[in-house]
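>>> coordinates for the following, if possible.
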Amino acid sequence: MNVTTHLPCPLWRRLTALVYDLLIVVAIVMVVGLLCQLATGGRLIETGAHTVIPLWYQVLQGAVVAAYFVASWRRGGQTLGMRPWRIRVSRDDGGTISLQQAGIRVLVAAAPLLLLALEPTIGLRATLWTVFGAWALWFAVALLDPRRRALHDLAADTELRRID
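Numbers count the residues shown, from 1 in each chain. As a prediction, this is how the structure comes out:
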């Protein structure tokens, strides 16, 4: 039986699990995109001088991805990417995080995506580097925190722990 220890998760393990989860997120986005393309008869995204992606589609994609993370954290404390690295998100006492904590955690973790709105002003390359830089800062906090909590863990009062 797996017992959660009080050992904090090192940053490298957390980031490796995130890479695994990014593969799952890409698959989710592709499936939702396919279903939306089928539902709109292939007219979901307008191309031309400027590409137009409907706001409802962006919100739907964000909601589905957020639901993946929230549901995973609420059911067992692990996403699929966290399982092979034997880490779990929990409250201070080791229990399952609440729906409110999961919501705060996903919103704070995703906050740098709001910087994508800068793209028309500063260009795609600069925007992507800005988003990447913001996420680097979000996770750099874990290097300074004794319990290795990133910014979204601090905001939601959660932490990642290794599982023995």
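
>>> would you mark the buried spots in the lengthiest helix in the chain?
The helix that spans the most residues within the chain, counting by DSSP state H, is helix 11-39. Applying a neighbour-count criterion of 16 or more other C-beta atoms under 10 Å, the buried positions in helix 11-39 are Leu11, Arg13, Arg14, Thr16, Ala17, Leu18, Tyr20, Asp21, Ile24, Val25, Val32, Cys36. (Each C-beta comes from the backbone N, C-alpha and C, glycine too.)

>>> I'd say the fifth one and Arg86 touch.
So the one you mean is Ala17. No - contact status for Ala17 versus Arg86: not in contact, 9.3 Å apart, counting by C-beta atoms under 8 Å.

>>> pull up the gap between Ile118 and Trp129, please.
For the record, residue 118 is Leu, not Ile. Distance check for Leu118 against Trp129: by C-beta to C-beta, to the nearest Å, it reads 11 Å.

>>> I meant to write Tyr68 there.
Distance, Tyr68 to Trp129, by C-beta to C-beta: 26 Å.

>>> who's more crowded, the two?
Higher neighbour count among Tyr68 and Trp129: Tyr68, with 17 against 13, using other C-beta atoms under 10 Å.

>>> quick check: the more buried one is in a helix.
Yes - assessed by DSSP: H, G, I helix; E, B strand; the rest coil, Tyr68 belongs to a helix.

>>> settle this for me: it is touching Thr79, isn't it.
Yes - at 7.3 Å, Tyr68 and Thr79 qualify as touching, with contact defined as C-beta under 8 Å.

>>> what touches both of the two?
Overlap of the contact sets of Tyr68 and Thr79 (by C-beta atoms under 8 Å, 6 or more residues apart in numbering) consists of Ile24.

>>> what's the longest helix of the chain packed up against?
Under the contact definition 3 or more C-beta pairs under 8 Å, 6 or more residues apart in numbering; DSSP states H and E, helix 11-39 sits against helix 55-74, strand 87-90, helix 124-144.
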